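In: Test case, fold it:
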Amino acid sequence: MPVYLADLGFSALAIGAIVTSTLIGTALLTLWVGWVANRHSRRLLLLVSALLMAATGGGFALITSFWPLLIIAFER
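Out: Residues are numbered from 1 along each chain as shown. Sure thing, here's the model as predicted:
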(Lines give C-alpha, C1' and ligand atoms only; values in the text may rest on other atoms or scores of the structure.)
Protein backbone atom coordinates (compact mmCIF):
# COMPACT_ATOMS: atom_id res chain seq x y z
CA MET A 1 0.00 0.00 0.00
CA PRO A 2 2.77 2.55 0.68
CA VAL A 3 4.13 2.09 -2.84
CA TYR A 4 0.65 2.66 -4.30
CA LEU A 5 0.23 5.81 -2.20
CA ALA A 6 3.67 7.05 -3.26
CA ASP A 7 2.67 6.49 -6.90
CA LEU A 8 -0.40 8.66 -6.24
CA GLY A 9 1.97 11.44 -5.13
CA PHE A 10 1.44 11.42 -1.37
CA SER A 11 4.24 12.65 0.90
CA ALA A 12 5.98 10.38 3.39
CA LEU A 13 4.00 11.99 6.22
CA ALA A 14 0.67 11.36 4.47
CA ILE A 15 1.63 7.76 3.70
CA GLY A 16 2.63 7.24 7.34
CA ALA A 17 -0.67 8.69 8.54
CA ILE A 18 -2.72 6.41 6.27
CA VAL A 19 -0.72 3.31 7.22
CA THR A 20 -0.99 4.19 10.92
CA SER A 21 -4.73 4.70 10.52
CA THR A 22 -4.96 1.25 8.95
CA LEU A 23 -3.10 -0.35 11.85
CA ILE A 24 -5.13 1.41 14.55
CA GLY A 25 -8.43 0.64 12.84
CA THR A 26 -7.51 -3.02 12.40
CA ALA A 27 -6.47 -3.34 16.04
CA LEU A 28 -9.69 -1.78 17.30
CA LEU A 29 -11.85 -3.90 15.00
CA THR A 30 -10.02 -7.05 16.09
CA LEU A 31 -10.62 -6.21 19.75
CA TRP A 32 -14.29 -5.49 19.10
CA VAL A 33 -14.84 -8.73 17.15
CA GLY A 34 -13.13 -10.69 19.90
CA TRP A 35 -15.43 -9.07 22.44
CA VAL A 36 -18.70 -9.82 20.58
CA ALA A 37 -17.73 -13.08 18.86
CA ASN A 38 -19.59 -15.29 21.32
CA ARG A 39 -22.84 -13.35 20.87
CA HIS A 40 -23.00 -13.73 17.10
CA SER A 41 -22.51 -16.41 14.50
CA ARG A 42 -18.92 -16.80 13.37
CA ARG A 43 -20.15 -17.18 9.82
CA LEU A 44 -21.94 -13.82 10.03
CA LEU A 45 -18.85 -12.11 11.45
CA LEU A 46 -16.66 -13.56 8.69
CA LEU A 47 -19.17 -12.49 6.03
CA VAL A 48 -19.35 -8.94 7.38
CA SER A 49 -15.55 -8.81 7.60
CA ALA A 50 -15.20 -9.98 4.00
CA LEU A 51 -17.71 -7.38 2.79
CA LEU A 52 -15.90 -4.65 4.72
CA MET A 53 -12.57 -5.66 3.18
CA ALA A 54 -14.08 -5.66 -0.32
CA ALA A 55 -15.61 -2.22 0.26
CA THR A 56 -12.34 -0.75 1.52
CA GLY A 57 -10.45 -2.27 -1.41
CA GLY A 58 -12.91 -0.63 -3.78
CA GLY A 59 -12.54 2.64 -1.90
CA PHE A 60 -8.77 2.54 -2.25
CA ALA A 61 -9.11 1.80 -5.97
CA LEU A 62 -11.57 4.64 -6.65
CA ILE A 63 -10.57 7.45 -4.28
CA THR A 64 -7.31 9.38 -4.43
CA SER A 65 -7.87 12.22 -1.91
CA PHE A 66 -6.07 12.15 1.43
CA TRP A 67 -8.90 12.60 3.96
CA PRO A 68 -11.30 10.07 2.43
CA LEU A 69 -8.43 7.56 2.16
CA LEU A 70 -7.53 8.17 5.81
CA ILE A 71 -11.11 7.32 6.85
CA ILE A 72 -11.27 4.31 4.57
CA ALA A 73 -7.94 3.09 5.94
CA PHE A 74 -9.25 3.32 9.51
CA GLU A 75 -12.29 1.24 8.60
CA ARG A 76 -10.16 -1.36 6.92
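
In: May I have the residues that are in contact with T64?
Out: Contact partners of T64, counting by CB atoms under 8 Å, 6 or more residues apart in numbering, are L8. Any C-beta I mention is one placed from the backbone N, CA and C, and that applies to glycine too.

In: hmm, who's touching the longest helix seen in the chain?
Out: The residue-count maximum for a helix in the chain (DSSP state H) belongs to helix 12-36. The contact list for helix 12-36, computed with CB under 8 Å, 6+ apart, reads 1-2, 5-6, 10, 45, 49, 66, 69-70, 73-76.

In: Just the pLDDT for A17.
Out: With respect to pLDDT, A17 scores 95.

In: I'd like the distance between it and S65.
Out: As judged by CB to CB, to the nearest Å, A17 and S65 stand 13 Å apart.

In: quick one: which of these two has more around it?
Out: A17 (17 against 8; other CB atoms under 10 Å).

In: buried sites along the longest helix of the chain?
Out: Neighbour-count burial for helix 12-36, counted by 16 or more other CB atoms under 10 Å, picks out A14, I15, A17, I18, S21, T22, G25.

In: Tell me which helix or strand comes right after that helix.
Out: Helices and strands here follow DSSP states H and E; after helix 12-36, the next one along the chain is helix 42-62.

In: so what secondary structure elements neighbour that following helix?
Out: Secondary-structure packing of helix 42-62 (3 or more CB pairs under 8 Å, 6 or more residues apart in numbering; DSSP states H and E): helix 12-36, helix 66-75.

In: before we move on, the earlier item: of all the buried residues of helix 12-36, which comes closest to G57?
Out: G57 lies nearest to T22 out of those, by CB to CB, at 12.2 Å.

In: The contacts of helix 12-36: which two are farthest apart?
Out: The widest separation within those (CB to CB) is 33.8 Å, between A6 and L45.

In: residue ranges with poor pLDDT in the protein?
Out: Within the chain, no stretch has pLDDT under 70.
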